[in-house]
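Engineer: What follows is a protein structure lacking sequence information:
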């Protein structure tokens, strides 16, 4: 897609819905579902008030582009709900998904004025956005904010290293199991609890997107999901919901030991 075409698509109906002071409880800090996991997790009440003064909300429909690589970023944001994909497009049009943004993840980089990647809503997405310049100023005066952002950045670095291993060394079956384990782990951090040992994963990606993300073909993804199902490792409940009867059995399929290191 040309830059002119990209600009036209951004200026059309695909513009995000903007909210300021929306009444939905999800937009109130005290009731925010990501309050204790987001960049503001360690902030004191007075620091939250400073963030309130520079924040707004943006909503995106599934499939809508949030950012194009090279776009000027006037904001940074936390994902409140939904899932977004991060991808990079080569000069010949080839595209590779390089990451996922899940609830509580941080979008943007203070000190960088432009977006390095394309970011697309994989489901309905709500962002809690902070104006970039005031946010950068707050980082210099709010130790709780800067320390939490550093912690999240290091977690993201660990996740990137984990993903390098998944893409570079694991079999197709191990890749599928690893992705399901990562999503299950994040959902459990968000408050999901196993019921009678069973975990229900609301998969944020289509099988086509999973293939793109894992560097596999669609047929391979479908075949490996079918094999995990046939072996009783997972059960399917519709097209996007996966039931995990025993999370340890799923983890055993990832090729990692229980300490997270590769099995020799």
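Structural biologist: Yep, it's here. Since the model is a prediction, treat every value here as computed from it, not as a measurement.
Engineer: Show me the strands in the stretch 1-150 of the chain, by range?
Structural biologist: For the stretch 1-150 of the chain, applying DSSP state E, counting those that start in this stretch gives strands covering 17-19, 55-60, 65-67, 75-81, 84-89, 95-101, 106-107, 118-121, 125-131.
Engineer: which other residues reach the last one?
Structural biologist: It stands for strand 125-131. Residues from elsewhere that reach strand 125-131 (Cβ atoms under 8 Å, 6 or more residues apart in numbering): 16, 26-27, 32, 38, 51, 54-60, 66, 74-84, 107. Every residue, glycine included, has its C-beta placed from N, CA and C.
Engineer: from those, which would you call buried?
Structural biologist: Of all the contacts of strand 125-131 considered here, the ones buried according to neighbour count by 16 or more other Cβ atoms under 10 Å are 16, 27, 32, 38, 51, 54-60, 66, 75-84, 107.
Engineer: one step back: using JSON lines, please lay out the strands of the stretch 1-150 of the chain together with distance to residue 138 and mean pLDDT.
Structural biologist: Shown next, in JSON lines, are the strands of the stretch 1-150 of the chain (distance: least, Cβ to Cβ, whole Å; pLDDT from 0 to 100):
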{"stretch": "strand 17-19", "distance to residue 138": "21", "mean pLDDT": "57"}
{"stretch": "strand 55-60", "distance to residue 138": "11", "mean pLDDT": "94"}
{"stretch": "strand 65-67", "distance to residue 138": "22", "mean pLDDT": "95"}
{"stretch": "strand 75-81", "distance to residue 138": "11", "mean pLDDT": "94"}
{"stretch": "strand 84-89", "distance to residue 138": "24", "mean pLDDT": "90"}
{"stretch": "strand 95-101", "distance to residue 138": "22", "mean pLDDT": "86"}
{"stretch": "strand 106-107", "distance to residue 138": "14", "mean pLDDT": "95"}
{"stretch": "strand 118-121", "distance to residue 138": "23", "mean pLDDT": "94"}
{"stretch": "strand 125-131", "distance to residue 138": "8", "mean pLDDT": "95"}
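Engineer: burial measure for residue 171, as a count.
Structural biologist: Look at residue 171: counted by other Cβ atoms under 10 Å, it has 11 neighbours.
Engineer: swap in residue 34?
Structural biologist: Here the count is done by other Cβ under 10 Å, and residue 34 has 20 residues near it.
Engineer: In space, what's closest to it - neighbours in sequence excluded?
Structural biologist: Spatially, and ignoring its direct neighbours in sequence, residue 34 is nearest to residue 104 (4.1 Å; Cβ to Cβ, 6 or more residues apart in numbering).
Engineer: okay, now that neighbour: neighbour count?
Structural biologist: The tally of other residues near residue 104 (other Cβ under 10 Å) stands at 22.
Engineer: again with residue 212
Structural biologist: 18.
Engineer: go on, residue 180?
Structural biologist: When neighbours are defined as other Cβ under 10 Å, residue 180 has 25 of them.
Engineer: Show me what counts as buried in the helix or strand encompassing it.
Structural biologist: The secondary structure element spanning residue 180 is helix 172-189 (assigned by DSSP states H and E). By neighbour count on 16+ other Cβ under 10 Å, the buried set for helix 172-189 is 172-184, 186-187.
Engineer: quick one: contacts of that helix?
Structural biologist: 37, 102-103, 162, 166-167, 170, 192, 194, 199, 201-204, 210, 213-216, 220-221, 224-225, 227-228, 233-234, 242, 244, 247, 250-251, 253-256.
Engineer: orientation of that helix relative to strand 95-101 in degrees?
Structural biologist: 30 degrees (axes from the mean of the first three to the mean of the last three Cα atoms, to 10 degrees).
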